[in-house]
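Trainee: Give me a model of this one.
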Amino acid sequence: MSFSGKKFRRVKCENIDKLLAATHANDDIVRVLKMKAPLVTYTMIDEQTLHMDLDMDGQQMSHTFKLGEEHVLEKKDGRKVKMTYTIEGNNVIKQVIKMPDGKTAYFRKEFNDNEIKMIVTMHGTDLNATIYYEMVQ
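Mentor: Numbering: from 1, shown residues only. As a prediction, the model looks like this:
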């Protein structure tokens, strides 16, 4: 996997405000998509296991996922979200997040040598947003 172990920082968003307004996204999704540029690293542990490190304003989050299995992640406030990760080919990670309010967000992360293009869609709309990340040296 060309992306494994590389660190990326968000650099640009397109259409995110329209997507969030159209879907009446909950505060968790808005915060994650609009906060200061987070750093993210995905590392393949083995053929079926993906590890993610996320640094958001100095707050570290780390989680390991079995691909194709739904995982429950408890947030600091006790609410739980359900996430499923899958890999497509050698350079695409797909993520589905089911929120406590019943809304579902879909993320498609397309990795190139030094960047990620992430396409975000929300259940109930045909709008999407694109978020770009660049590799950090």
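
Trainee: Let's verify the closest residue to M44 other than its chain neighbours: helix, strand, or coil?
Mentor: Using CB to CB, 6 or more residues apart in numbering and skipping the chain neighbours, the partner closest in space to M44 is S4 (4.5 Å). (Glycine included, C-beta is placed from N, CA and C.) Here S4 is recorded as coil under DSSP: H, G, I helix; E, B strand; the rest coil.

Trainee: which phi and psi does S4 have?
Mentor: phi -60, psi 120 (degrees, to the nearest 10).

Trainee: Look up the pLDDT of it for me, please.
Mentor: The per-residue pLDDT reported for S4 equals 87.

Trainee: does A21 belong to a helix or a strand, and which?
Mentor: Per DSSP states H and E, A21 falls inside helix 16-23.

Trainee: L54 too?
Mentor: Going by DSSP H and E, L54 is in strand 49-56.

Trainee: what secondary structure does the residue nearest the centre of the chain sit in?
Mentor: Residue closest to the mean C-alpha point of the chain, counted by CA atoms, centre = their mean, is F107 at 5.9 Å. The local conformation at F107, judged by three-state DSSP, is strand.

Trainee: Now for it: which residues touch it?
Mentor: Applying CB atoms under 8 Å, 6 or more residues apart in numbering to F107 gives the contacts 93-97, 118-120.

Trainee: Including pLDDT, could those residues go into CSV?
Mentor: Below are the contacts of F107 laid out as CSV (pLDDT from 0 to 100):
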residue, pLDDT
I93, 93
K94, 95
Q95, 94
V96, 95
I97, 90
M118, 93
I119, 94
V120, 90
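
Trainee: Helices of the chain, start to end?
Mentor: Residue ranges of the helices in the chain, as given by DSSP state H, are 16-23, 27-34.

Trainee: Cool, thanks, signing off.
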